[in-house]
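Asks: Fold the following.
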Amino acid sequence: MAERSEHADEEIERLRRCLNDLMSALALPAIWAGGGTMEILRTLLDALLGMLDLDFVYARLAAGAGQARVDMLRSACASVSAPEQVRDALETSLGRDPRKWPPQAAVRLNGEALTIIPILLGHGGELGVLVAGSAREGFPRATERLVVMVAANEGAIGLREALLLGEQKRLAQTLDQRVARRTAELAEANEELRSEIAARRLVEARKSAIVDSALDCVVAVDHDGVITDFNPAAERTFGYERDKIVGRKLVETLIPPCLRERHLRGFERHISSGEARVLGKRVEMTAMRADGSEFPLELSISRVAINGPPAFTAYLRDITDVRKRIAERERAEAALKQSEAFLAEGQRLSRTGSFSWCMASGEIIWSEQLYRIFELDRAVPVTMDAIVSRVHPDDAAMFDQVMRHAREYGEDFAFEHRLRMGDESVKHVHVSAHAVRDAKGRREYIGAVQDVTEARLSEQALARARAELTRVTRITTLGALTASIAHEVNQPLSGIITNASTCARMLDGNPPNVAGARETARRMLRDGNRAAQVIARLRALFAKKDSAALDDVDLNEAAREVIALSLTELQGNHVIVSTEFADELAHVLGDRIQLQQVILNLVRNASEAMTGVHDRAREIAIRTALDGDDRVCLSVRDTGTGLSREVMERLFDAFYTTKQSGMGIGLAISRSIIESHQGRLWATNNAPFGATFHLSIPRRADSVTAAVSLGAIPHLASAPVAPGR
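Replies: Residues are numbered from 1 along each chain as shown. Below is the predicted model:
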């Protein structure tokens, strides 16, 4: 009873301290009210370090508008004095992105193990991260985590308010400067102007500003396309008086009849969706005067920001007199286009298109060949959505991952993916890009896209031919073996059947011919022994101990050679291969060719097991490691459909297969090869999907005795075999 009372007292005391700490944390905003971000951060860290008896408190304030990133540390350890120490230790253990850190982790700092709890500041860590660390056993308790989270939340609110206050002060300063400058200008103007004409001059100044910014003519239009204003320059150009044209529709008055339908559709599209190809741009078009004559003009349209339905101001300039200047420009452009044609022809011949991609603006510029590769209309602006629409659905996840990495890190990239065209045909393209900075210092990618469809199709055709040749070779070998067995065993079996029939007739005689029956029985025994000897010779053939040289084999190197050999086939099946080879892996004693054949069989099995996978990445992981003190293990892991219990039980049986085109001898032969090396081969299922095949071989030379037969599997083991999985 006394122990429970003491425990309750301790719990009450701990809760009381927690409440005090929470009240202290909630009182922090009163301390830093009106303070800057550095003061808030410093106060927050000092308070947490003192309240929770921590070894250190570290905060990273993300870079904001007009402010660089801030790293701050408060430490109770003399060995931890710089925020860079904590930052490097955290990034080494947990990665560079705090949003991906776990809610609690163990790190080592200057050789000491500490437990840390990272708390993101702001929504999704937009403001930064707060990290509390302690080497104390049991840290963090629930109350300590609660205090840190409350303090971090209050700190985030204070930091956001401080940032907003700083931005408000900066804007106020800028506004004050502009107001002061404008006031000085107005004061200087007011010295020369009489007060009674100030309003009239202000209206005239605004009107002059509009006229000065116009090309020549200024025409205002409301959301119904009705003209609401028509300046004197427009009157002179079009031949209409202002009073007689205001209130009429622009398209029906100033546009030739043959073009009115197109302009009406464009105007209606913009009113309904906000889309306008000419908004904010200068374009050339054909207009019509009051007398019906047509003439070219340059047009720019701006949208007037007013309440209610949108209105527009059109700025127009008669360019009839500048045709010569345009012709000269066109000649210069023709010369430029001729030089570009050489480049375009070279790209066409090599089936390579070039592009530029500005990360800041999102603008993408393509060469002519790239439009042909993607089969897109050159008149349509290139956007990332248009590009993604051509990416093959099976490669969409990989494409999105590469683009996201490029945006985040600005590193060079090169990869290969497929395109699905409008007619459902598939193209293979190789993309490579180099990150540069433009004249304004903005990050930009300059790259090239090459159509490698023919090369990939040729590789696939070669792979199919190789696979067909391998299949025919296996069938031929198996047929020859079957015929040999049938021929060798058929003769003694025929003799046994004949002698048995003769013996039966002799015994059925009256009287029975016992002596003759005994003689035919001896001949049956002789033929039976002959058949047994044939079987023994065949077994000896398969168990023949060849004098193959036992080599010192590095499984890491052997696996690398197999991956290089299978790389084209794996890429054609869109398989991603990763390796994790143990450093200084002990060598094994065995036949290098047979061991590589086993690895090749397992890799092909893994690739074929993922043929029907479309909802996740197709990945093969090859790993080597020590298996105990005297063995070496190699595993091949896939993300396929896994193995059922029935398949697992018969997986290594000869001539058992789950594939329509398989022979079912690949895994049986592979197990025989591994067992001939005094090793073992087995399979396990992965969670949540896929399977892993493991092989384990003795690593010491004396563990593989001289009696080991590396030729236990004849020519079937040294040639590629159909996987039996």
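
Asks: And the residue nearest the centre of the chain, how far from Ser696?
Replies: What sits nearest the mean C-alpha location of the chain, by C-alpha atoms, centre = their mean, is Gln401, with 1.9 Å. To Ser696, Gln401 is 35 Å away according to C-beta to C-beta, to the nearest Å. All C-beta atoms are positioned from the backbone trio N, CA, C, and that covers glycine.

Asks: Same check on Ile326?
Replies: 80 Å.

Asks: Settle it for me: which of those two has more neighbours?
Replies: Summary of the neighbour comparison: Ile326 and Ser696, criterion other C-beta atoms under 10 Å, with Ser696 having more neighbours (20 against 12).

Asks: what sits up against the strand or helix carrying the more buried one?
Replies: Secondary structure assigned from DSSP states H and E places Ser696 in strand 691-698. Under the criterion C-beta atoms under 8 Å, 6 or more residues apart in numbering, residues 555, 588-590, 595, 598, 602, 605-606, 609, 627, 630-638, 640, 642-643, 674, 677-686, 704 lie in contact with strand 691-698.

Asks: Kindly report the same for stretch 373-393.
Replies: When contacts are taken as C-beta under 8 Å, 6+ apart, the neighbours of stretch 373-393 outside the stretch itself are 351, 353, 362, 364-366, 368, 371, 396, 399-400, 403, 417-422, 426-427, 429, 449, 451, 614.

Asks: among these, which ones are buried?
Replies: In terms of neighbour count (16 or more other C-beta atoms under 10 Å), the buried residues within the contacts of stretch 373-393 are 351, 353, 364, 366, 368, 371, 399, 417-420, 427, 429, 449, 451.

Asks: Which segments of this protein make up each domain?
Replies: Domain assignment of the chain by automatic domain parsing yields the ranges 12-166, 208-318, 351-451, 457-542, 551-718.

Asks: among the ones you listed, which is nearest Leu186?
Replies: Proximity to Leu186 (C-beta to C-beta) singles out domain 208-318 among those, at 15.6 Å.

Asks: Could you export the domains of the chain as JSON lines, including distance to Ala334 and mean pLDDT?
Replies: Listed next are the domains of the chain as JSON lines, based on distance: least, C-beta to C-beta, whole Å; pLDDT from 0 to 100:
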{"stretch": "domain 12-166", "distance to Ala334": "47", "mean pLDDT": "81"}
{"stretch": "domain 208-318", "distance to Ala334": "18", "mean pLDDT": "81"}
{"stretch": "domain 351-451", "distance to Ala334": "16", "mean pLDDT": "86"}
{"stretch": "domain 457-542", "distance to Ala334": "39", "mean pLDDT": "71"}
{"stretch": "domain 551-718", "distance to Ala334": "44", "mean pLDDT": "80"}
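
Asks: What helix or strand is the closest residue in space to Val283 that isn't next to it in sequence located in?
Replies: Setting aside the residues directly before and after it, Val283 is nearest to Leu299 in space (C-beta to C-beta, 6 or more residues apart in numbering), at 5.5 Å. With elements taken from DSSP H and E, the one containing Leu299 is strand 294-304.

Asks: which outside residues touch the helix or strand following that strand?
Replies: In the C-terminal direction, the helix or strand that comes right after strand 294-304 (DSSP H and E) is strand 311-318. Outside strand 311-318, the residues that touch it by C-beta under 8 Å, 6+ apart are 210, 213-223, 228, 234, 237, 250, 287, 295-304.

Asks: just the buried members of those residues?
Replies: Here, 16+ other C-beta under 10 Å leaves 214-222, 234, 237, 250, 287, 297-301 buried among those.

Asks: Which of those fall within strands?
Replies: Members of the buried ones among the contacts of strand 311-318 lying in strands (criterion: DSSP state E): Cys217, Val218, Val219, Ala220, Val221, Ala287, Leu297, Glu298, Leu299, Ser300, Ile301.

Asks: want to try TSV for these, with distance to Leu171 as columns?
Replies: As requested, those are exported to TSV (distance: C-beta to C-beta, whole Å):
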residue	distance to Leu171
Cys217	38
Val218	33
Val219	37
Ala220	33
Val221	35
Ala287	44
Leu297	41
Glu298	38
Leu299	37
Ser300	31
Ile301	31
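
Asks: ok, so of the residues you listed, who is nearest Asn499?
Replies: Ile301 (109.2 Å).

Asks: For the closest one, give its distance to Glu112.
Replies: 68 Å.

Asks: do Arg282 as well
Replies: 67 Å.
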